[in-house]
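# take this sequence and fold it.
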Amino acid sequence: MRRTQMKSDIEIARESALRPIGEIAAKLGLKEEEIEQYGKYKAKVNKKPTQAKGKLILVTAINPTPLGEGKTTVSIGLADAFTLMGKNCCLALREPSLGPVFGIKGGATGGGYSQVLPMEDINLHFTGDLHAITAANNLLAALIDNHIKFGNEKRIKTITFRRAMDMNERSLRKIVLCAKGGADGEPHEGGFDITAASEVMTTLCLAESMTDLKKRLASIIVGYDEDGAAVTAGDLGAQEAMAILLKDAIKPNLVQTIGGTPALIHGGPFANIAHGCNSVIATKTALSLSDITVTEAGFGADLGAEKFLDIKCRKAGLKPAAVVLVATVRALKYNGGVDKTALTGEDIPALEKGIVNLGAHIENLTKVFGVPLVVSINKFGTDTDAEIACVQKYCAEKGVTAVVNECFAKGGVGATALAQEVLNAAQKAYELHYTY
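Got it, this is the predicted structure:
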């Protein structure tokens, strides 16, 4: 098994030599006054994005197993490969949420020798962004109930806005508020969502400035009045107070990879209920400071990449130069019907059955959106040569190149072949099409 042949992620992270964050900032041309340090190895970037000068590379994936297939790991390894090739590269990734960190998926800082550091800090409280988003969300929730309690001038009849916390807590998904009534207010149903699934998180990640953020916050629908008309946060005058809680959270966070590549990690809306991408501000900042920006979209390409292209790119005026589609032999066998406990043995028939999943994603990305595409086979130690060859042959028949990627075990060195193929793909001119 691959993981038993290597040190654990935490061991690798703790043994890695970190550079002072000022050195990492200097790689992007950031001056001392343009960053706000959070200790020795983290900083907020206090510089507005300028004109984009770099190419944007999107990393997405096929439909995964419950364990995930390594989009973040591949993104980090690819960025480190570009750095090894002498390119000025910057990562733009999502922030981890405590719920998944303590769940089956674990952290969101990559794995093996393709990690962003300091791993423990990033996975836990980081610079406090998610806590600030939680506070802004719950401030609005409190204002709604207080507005109703003290006169209900807006005649709110139905509340749709929910509270948030950065934790998986099923027992709080549906609750009764003001259960005793009386001075506390009338009893009514409510509940908590995980912070990454909150509308405030989505709003922050689509905003391009503090002014834009306030406008977007004001448009959040919190409920409906007695006539069925929508009531917004702006109707309650909540946007200014919410925005001041987010004054630091709106700034991208700068950290580094094991290979010393700068990484902007900022925002983290889920793709199943939002657009599943890091913040527009962080992406545009990276594009204005580097020649190549590597970013990712959550979940499979049918969800995260679709929303990245249809929502984020359209709203923010972005266009990826190329897309990397991460696939694994184990996920293709899983999609072919193999139980997740039996994915380590060679099974060509199951692979051939499940590989149509890869084919569907290839066709969506190349035929529907029209993007230049490279398939990355994220290699596991249990993959056989025959299985790898099967995937590469299938991709060739679909008109795309599939490159074996070993960045988990080898870091950037294991992704140099992928990086070169991505550079080749990024030279192609194309017109981006939207699905609607």
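# from here on, just use CA atoms for contacts and neighbour counts.
OK.
# middle-most residue in the chain, spatially?
The centroid of the chain falls nearest to residue 94 when counting by CA atoms, centre = their mean (3.5 Å).
# quick check: that one touching residue 265?
Yes. At 5.4 Å, residue 94 and residue 265 qualify as touching, with contact defined as CA atoms under 8 Å.
# overlap in contacts of those two?
residue 278 (CA atoms under 8 Å, 6 or more residues apart in numbering).
# on that earlier part again, torsion angles phi and psi at the residue nearest to the centre of the chain?
phi -80, psi 160 (degrees, to the nearest 10).
# those helices in the stretch 201-350 of the chain, which residues are they?
210-218, 239-245, 280-289, 306-307, 314-316, 329-335, 348-354 (DSSP state H, counting those that start in this stretch).
# can you list the buried residues in the last one?
When burial is assessed from 16 or more other CA atoms under 10 Å, helix 348-354 yields the following buried residues: 348, 350-352, 354.
# of those residues, just say which sits nearest to residue 311.
Closest approach to residue 311 among these (CA to CA): residue 354, at 29.1 Å.
# what's the burial count for the closest residue to that closest one other than its chain neighbours?
Nearest residue to residue 354 in three dimensions, chain neighbours excluded: residue 336, at 3.6 Å (CA to CA, 6 or more residues apart in numbering). By the criterion of other CA atoms under 10 Å, residue 336 has 20 neighbours.
# quick one, what contacts residue 336?
Counting by CA under 8 Å, 6+ apart, residue 336 has contacts 350-355.
# gap between it and residue 63?
Separation of residue 336 from residue 63 (CA to CA, to the nearest Å): 12 Å.
# how about residue 84?
Applying CA to CA to residue 84 and residue 63 gives a distance of 30 Å.
# try residue 279
Counting by CA to CA, the gap from residue 279 to residue 63 is 23 Å.
# these two: which is more packed in?
Ranked by neighbour count (other CA under 10 Å), residue 279 and residue 63 place residue 279 first, with 31 against 23.
# my guess is residue 185 contacts residue 178. True?
Yes. Using CA under 8 Å, residue 185 is in contact with residue 178, at 5.8 Å.
# please identify the residue most distant from the middle of this structure.
Distance from the C-alpha centroid of the chain, by CA atoms, centre = their mean, peaks at residue 182 (43.6 Å).
# who touches that one in this structure?
Residue 182 neighbours (CA under 8 Å, 6+ apart): none.
# give me phi/psi at it?
Main-chain dihedrals, residue 182, degrees, to the nearest 10: phi 70, psi -130.
# ditto for residue 208
Main-chain torsions, residue 208, degrees, to the nearest 10: phi -110, psi 0.
# so who does the residue lying closest to it once chain neighbours are set aside touch?
Nearest in space to residue 208, with sequence neighbours left out and distances taken as CA to CA, 6+ apart, is residue 281 at 5.5 Å. Residues near residue 281 by CA under 8 Å, 6+ apart: 49, 205-209, 251-252.
# ok, those residues vs residue 126, which is closest?
Among the contacts of residue 281, residue 252 lies closest to residue 126 (CA to CA), at 11.7 Å.
# quick check: the closest one touching residue 268?
No. With contact defined as CA under 8 Å, residue 252 does not count as touching residue 268 (11.8 Å).
# distance of residue 238 from residue 282?
Relative to residue 282, residue 238 is positioned 25 Å away (CA to CA).
# who's more crowded, those two?
residue 282 (29 against 20).
# residue ranges of the strands in the stretch 101-250 of the chain, please?
110-111, 114-117, 156-159, 163-165, 175-177, 188-190, 192-194, 221-225, 230-232 (DSSP state E, counting those that start in this stretch).
# ranking those by burial, who's on top?
Burial of these is given as mean neighbour count (mean count of other CA atoms under 10 Å); strand 114-117 ranks first at a mean of 30.
# low-confidence stretches in this structure?
Low-confidence segments of the chain (pLDDT under 70): 1-5.
# domain assignment for it?
Domain assignment of the chain by automatic domain parsing yields the ranges 3-126+251-425, 129-245.
# tell me which of the ones you listed sits most buried.
domain 3-126+251-425 (a mean of 21).
# so what's the gap between that domain and the chain middle?
In terms of CA atoms, centre = their mean, to the nearest Å, the centre of domain 3-126+251-425 is set 9 Å apart from its chain centre.
# sec struct for residue 44, please.
strand (DSSP: H, G, I helix; E, B strand; the rest coil).
# roughly how far apart are it and residue 236?
Distance, residue 44 to residue 236, by CA to CA: 31 Å.
# give me the helices and strands touching the longest helix along the chain, please.
Counting by DSSP state H, the longest helix found in the chain is helix 129-149. Judged by 3 or more CA pairs under 8 Å, 6 or more residues apart in numbering; DSSP states H and E, the packing partners of helix 129-149 are strand 163-165, helix 199-206, helix 239-245.
# who touches the last one?
Where contact means CA under 8 Å, 6+ apart, the residues beyond helix 239-245 that reach it are 132-133, 135-137, 139-140, 210, 213-215, 217-218, 233.
# can you check the longest one too?
For helix 199-206, contacts defined as CA under 8 Å, 6+ apart pick out 133, 136-137, 195, 213, 216-217, 220, 250, 267-269, 274-275, 277-281, 312, 316.
# that older thread, looking at the buried residues of helix 348-354, which is nearest residue 404?
For those, the residue nearest residue 404 by CA to CA is residue 351; the value is 16.4 Å.
# how about the closest one: what's its closest non-neighbour residue?
Residue 351 sits nearest to residue 333 (CA to CA, 6+ apart), 4.6 Å away.
# so how far is residue 407 from that neighbour?
Applying CA to CA, the value for residue 333 to residue 407 is 22 Å.
# kindly report the same for residue 127.
Separation of residue 127 from residue 407 (CA to CA): 27 Å.
# same question for residue 26.
25 Å.
# ditto for residue 13
15 Å.
# for the helix or strand residue 25 falls within, name the packing helices and strands.
Assigned by DSSP states H and E, residue 25 belongs to helix 21-27. Applying 3+ CA pairs under 8 Å, 6+ apart, we find helix 21-27 packed against strand 253-257, strand 262-265.
# neighbouring contacts of the longest one?
Outside strand 253-257, the residues that touch it by CA under 8 Å, 6+ apart are 18, 21, 24-25, 41-45, 76, 80, 114-118, 127, 262-266.
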